[in-house]
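S.K.: sequence and computational prediction follow.
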Amino acid sequence: MKPDPNNKYDNHAIELHWQNVKVGFVPMSDNTNPTAIKLLVDMEQLGILVETTGYARNRTYLFGDYMKCFFND
């Protein structure tokens, strides 16, 4: 699933950029980069997050259960 630039709900994704992790635009600066990456990997394996870019860097994650609250599928 690729992010849609025209979809305002894609802004609620969790993004990993360089050395800083943001959760809904709130920096998680108290965590080290390996800790943040481990957290994202664990959440992806548990099915909580879905990686949407397919990139090795600058990945974007979708919090699917949260997004379901906004759509009637």
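M.R.: Perfect, thanks for sending it.

S.K.: going forward, measure contacts and count neighbours with C-alpha atoms only.
M.R.: OK.

S.K.: A helix includes Ala36, no?
M.R.: Yes - according to DSSP: H, G, I helix; E, B strand; the rest coil, Ala36 belongs to a helix.

S.K.: tally up the residues packed near it, please.
M.R.: Neighbour count for Ala36, taken as other Cα atoms under 10 Å: 19.

S.K.: if I look at it, how far off is Glu51?
M.R.: 14 Å (Cα to Cα, to the nearest Å).

S.K.: cool, and Phe70?
M.R.: With distances taken as Cα to Cα, Phe70 is found 19 Å from Glu51.

S.K.: so which of those two has more stuff around it?
M.R.: More neighbours sit around Glu51 than around the other of Phe70 and Glu51, counting by other Cα under 10 Å; the figures are 20 against 9.

S.K.: now do the same for the more buried one: its pLDDT.
M.R.: Looking at Glu51, its pLDDT reads 86.

S.K.: that one pairs with what?
M.R.: Taking DSSP bridges, one finds Tyr61 as the beta-bridge partners of Glu51.
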